[in-house]
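Enquirer: Below is the sequence, then the predicted model.
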Amino acid sequence: MRSLNEECGVFGIVNHPDASNLTYFGLHSLQHRGQEGAGIVATDGEKLRGYRDLGLLSEVFADKEKLVNLKGDSAVGHVRYATSGSNSIQNIQPFLFNFYDMSVGLCHNGNLINAKTLRRKLEEDGAIFHSSSDTEVLVHLIRRSKEETFKDKLKDALLQVKGGFTYLVLIKDTLYGAVDPNGLRPLVLGKTKTGAYIVASETCAIDVVGGEFVRNIEAGELVIITKDGYTIEKYTEDTLVSIAAMEYVYFSRPDSDIAGINVHTARKNTGKILAKEQPAPNADIVIGVPNSSLSAASGYAEAAGLPYEMGLVKNQYVARTFIQPTQELREQGVRMKLSAVKGVVAGKSVVMVDDSIVRGTTSARIVTLLKEAGAKEVHVRIASPRLMFPSFYGIDISTTKELIAANKTIEEIREYINADSLGFLSEEGLIEGIGLNYDVPYKGLCMECFNGDYSAGLYDYADEYLDNLTDIQKEYLANNKRYFDDIVKGEN
Ligand code: AMP
């Protein structure tokens with residue numbers, strides 16, 4: 001079974017009299033990263049208090065008393081995204097652990113790939129778990145560490161977990177923020193004018209509380225924040241930057257910067273390159289799918305010299321379709337979410353740009369909507385390469401079975417979504433469009449879900465992955481250059 005933490009949003013603040021309120025605001029700007037549950041843990045320097053529940057942040061804290069009760073000048077918070085089957089309150093974060101000698105608040109964004117092995121070892125050793133989430137593993141490792149100080153115990157634990165993660169760990173007077181050795185999941189540090197420090201998944205959360213960006217927390221780094229300020233240490237030297245490309249393609253907000261690159265700009269560039277790589281010679285207009293592909297669509301239109309139009313309108317009050325547990329509900333979700341603008345698309349040959357195709361549900365539905373609204377032709381252009389491999393580091397790109405590009409050729413996908421033509425961005429186009437420039441494979445991007453090159457290994461997932469390769473995946477792997485060929489296995 002896939003691990004239970006996926007892409008989420010985290011926010012933490014130290015040294016602010018309204019810590020839990022600011023955490024609420026910060027999390028609100030990260031709500032796009034997860035809508036399944038939310039929570040906040042605050043400390044007044046002595047005692048940690050927390051509240052968490054299922055639902056959107058505004059639902060969880062609809063009763064404002066809940067926030068007022070979270071007293072103190074430091075806090076951490078979490079918005080949770082998870083796959084179906086795991087939506088129990090037990091798995092909503094932050095977790096708050098009370099021990100005889102201390103309390104720990106813990107949030108995690110990402111996915112561990114050796115959680116199963118670690119958990120089994122810990123359970124054999126007498127550990128009892130309360131949730132089915134990977135996150136609890138870390139706290140058991142901390143408590144079992146033979147190191148002297150809490151910081152060293154945490155570092156010791158961080159060296160044992162593998163995969164994509166950012167952790168925020170709050171104790172009574174200190175907030176720790178850690179990033180995995182590949183920097184797969186983003187974490188940024190900011191500061192308010194009043195001298196409070198912030199850590200968050202995205203820079204948009206620093207902006208929303210009126211803070212200033214200080215720096216990115218990089219691969220293998222641990223930031224330690226107290227009311228006296230912050231220090232940054234490396235808990236490992238064994239790092240290799242590989243930032244999830246899907247953060248740029250889909251997950252993050254366009255006003256955020258990741259590793260110094262603005263997400264809107266990156267998307268727009270990919271759209272421009274897409275227009276060159278996959279032109280649509282007889283098209284009249286270009287439209288995007290709100291909201292995540294509007295930036296790429298505007299880039300495509302600009303480079304193709306075509307009008308950029310609003311051909312689809314989104315009802316902003318429907319949660320993301322991906323969240324729905326069944327295919328039927330997902331299809332219903334798409335219908336409620338998007339409407340075609342007849343006056344814009346009727347009689348036109350339309351280029352419809354989307355950021356990605358996962359199962360194909362969204363594209364298929366949109367092509368139908370556009371044709372029902374009178375579009376003469378619909379040319380689908382995707383501003384990322386084919387999502388052909390499952391993600392194991394914490395973006396919810398499901399299993400091979402559900403990935404349409406792992407099971408169908410481009411022509412078969414075109415037919416399935418009923419488009420007049422279909423084109424994907426190349427891997428090189430994505431890397432160039434995002435524009436990172438690290439001197440490492442893929443210039444510092446993690447391309448695992450496009451090319452099956454798993455920068456952090458596979459551990460517990462190695463067998464599942466190798467046993468389920470489709471012919472399309474095998475052919476791709478046989479024909480493409482790889483950097484991370486060692487499939488590291490877990491111990492079970
Ligand atoms: P699908 O309908 O399954 O092909 O999903 C594709 C749509 O979901 C695209 O329009 C994307 O904007 C969005 N998407 C891509 N990746 C993810 C993800 N990991 N989680 C949720 N939505 C996604």
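Expert: That came in fine, so what should we check first? Numbers count the residues shown, from 1 in each chain.
Enquirer: Distance of the nearest residue to Gly360 once chain neighbours are set aside relative to the ligand?
Expert: Nearest non-adjacent residue to Gly360, counting by CB to CB, 6 or more residues apart in numbering: Ile404, 4.1 Å away. (Glycine included, C-beta is placed from N, CA and C.) With distances taken as CB to the nearest ligand atom, to the nearest Å, Ile404 is found 7 Å from the ligand.
Enquirer: hang on, Ile404 packs against Ile357?
Expert: Yes. With contact defined as CB atoms under 8 Å, Ile404 reaches Ile357; the gap is 6.2 Å.
Enquirer: Do stretch 416-428 and the ligand come into contact?
Expert: No. On the criterion CB under 6 Å from any ligand atom, stretch 416-428 is out of touch with the ligand, staying 8.7 Å away.
Enquirer: typo on my end, it should be stretch 239-251
Expert: Yes. With CB under 6 Å from any ligand atom as the measure, stretch 239-251 is seen reaching the ligand through Tyr250.
Enquirer: again with stretch 303-313
Expert: No. Using CB under 6 Å from any ligand atom, we find that stretch 303-313 stays clear of the ligand, coming within 11.1 Å at best.
Enquirer: Leaving out chain neighbours, which residue sits closest to Ser20?
Expert: In space, Ser20 is closest to Leu70, 3.9 Å off (CB to CB, 6+ apart).
Enquirer: what does the model give that neighbour for pLDDT?
Expert: At Leu70, the pLDDT value in this model is 98.
Enquirer: go on, Thr400?
Expert: Confidence score, pLDDT, at Thr400: 89.
Enquirer: related to what we said a few turns ago, compare neighbour counts for Ile404 and Ile357 and give me the winner.
Expert: For Ile404 versus Ile357, neighbours defined as other CB atoms under 10 Å are more numerous around Ile357 (23 against 20).
Enquirer: can you pull the contacts of that one?
Expert: By CB atoms under 8 Å, 6 or more residues apart in numbering, Ile357 lies in contact with Ser363, Ile382, Arg386, Leu387, Ile404, Ala405, Ile413, Ile417.
Enquirer: Give me the distance between the closest residue to Asn182 other than its chain neighbours and the ligand.
Expert: Using CB to CB, 6+ apart and skipping residues adjacent in sequence, the residue nearest Asn182 is Ser242, 4.2 Å away. When distance is defined by CB to the nearest ligand atom, Ser242 is 17 Å away from the ligand.
Enquirer: residues in contact with Ser242?
Expert: Ser242 neighbours (CB under 8 Å, 6+ apart): Asn182, Gly183, Leu184, Ala219, Val440, Pro441, Tyr442, Gly444, Leu445, Cys446, Ser455, Ala456.
Enquirer: Show me the contact partners of the helix or strand where Phe25 lies.
Expert: For Phe25, the host element (DSSP states H and E) is helix 19-29. Here helix 19-29 makes contact (CB under 8 Å, 6+ apart) with 9, 11-13, 16, 38, 40, 42, 57-58, 61, 67, 70-79, 196, 198, 200, 202, 204-209, 253.
Enquirer: rerun that using 7 Å as the cut-off
Expert: By CB atoms under 7 Å, 6 or more residues apart in numbering, the surrounding residues in contact with helix 19-29 are 9, 11, 13, 16, 38, 40, 42, 57, 61, 67, 70, 72-77, 79, 198, 200, 204-205, 208-209.
Enquirer: among the residues you listed, which are in helices?
Expert: Among those, the members found in helices (DSSP state H) are Leu57, Leu67, Cys204, Ala205, Val208.
Enquirer: Kindly tell me how buried the second one is, as a neighbour count.
Expert: Yep, that's Leu67 we're talking about. Residues near Leu67, counting by other CB under 10 Å: 19.
Enquirer: Near Pro17, how many other residues are there?
Expert: Using other CB under 10 Å, the number of residues around Pro17 comes to 10.
Enquirer: ok, so what distance separates it from Val76?
Expert: Pro17 sits 16 Å away from Val76, going by CB to CB, to the nearest Å.
Enquirer: Ala115 too?
Expert: When distance is defined by CB to CB, Ala115 is 21 Å away from Val76.
Enquirer: picking up where we left off before, what's the overlap in contacts for Ile404 and Ile357?
Expert: In contact with both Ile404 and Ile357: Ile413, using CB under 7 Å, 6+ apart.
Enquirer: as a whole number, average confidence for the helix holding Phe25?
Expert: Computed over helix 19-29, the average pLDDT equals 98.
Enquirer: By neighbours, which of the ones in helices among the contacts of helix 19-29 wins?
Expert: Comparing the ones in helices among the contacts of helix 19-29 on neighbour count, Ala205 comes out first with 31 neighbours (neighbours: other CB under 10 Å).
Enquirer: doesn't Ile13 make contact with that one?
Expert: No. In this structure Ala205 lies outside contact range of Ile13 using CB atoms under 7 Å: 9.8 Å.
Enquirer: neighbours of the nearest residue to Leu159 once chain neighbours are set aside, just the number please.
Expert: Closest residue to Leu159 apart from its sequence neighbours, by CB to CB, 6+ apart: Thr236 at 6.2 Å. As a burial measure, Thr236 scores 14 neighbours (other CB under 10 Å).
Enquirer: so Thr236 sits right up against Val179, yeah?
Expert: No. Assessed by CB under 7 Å, Thr236 is found out of contact with Val179, at 10.5 Å.
Enquirer: shared neighbours, those two?
Expert: In contact with both Thr236 and Val179: Gly220, using CB under 7 Å, 6+ apart.
Enquirer: Up against the ligand, what does the stretch 251-400 of the chain have?
Expert: With CB under 6 Å from any ligand atom as the criterion, the stretch 251-400 of the chain meets the ligand at residues 289, 292, 320, 322, 354-363, 395-397.
Enquirer: sorry, back to before: give me every residue that touches the residue nearest to Ser20.
Expert: Leu70 neighbours (CB under 7 Å, 6+ apart): Ser20, Ile40, Ala42, Arg49, Tyr51.
Enquirer: Adding distance to Lys342 and neighbour count as columns, could you present those in CSV?
Expert: Listed next are those as CSV, based on distance: CB to CB, whole Å; neighbours: other CB atoms under 10 Å:
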residue, distance to Lys342, neighbour count
Ser20, 47, 27
Ile40, 45, 31
Ala42, 50, 27
Arg49, 53, 18
Tyr51, 46, 22
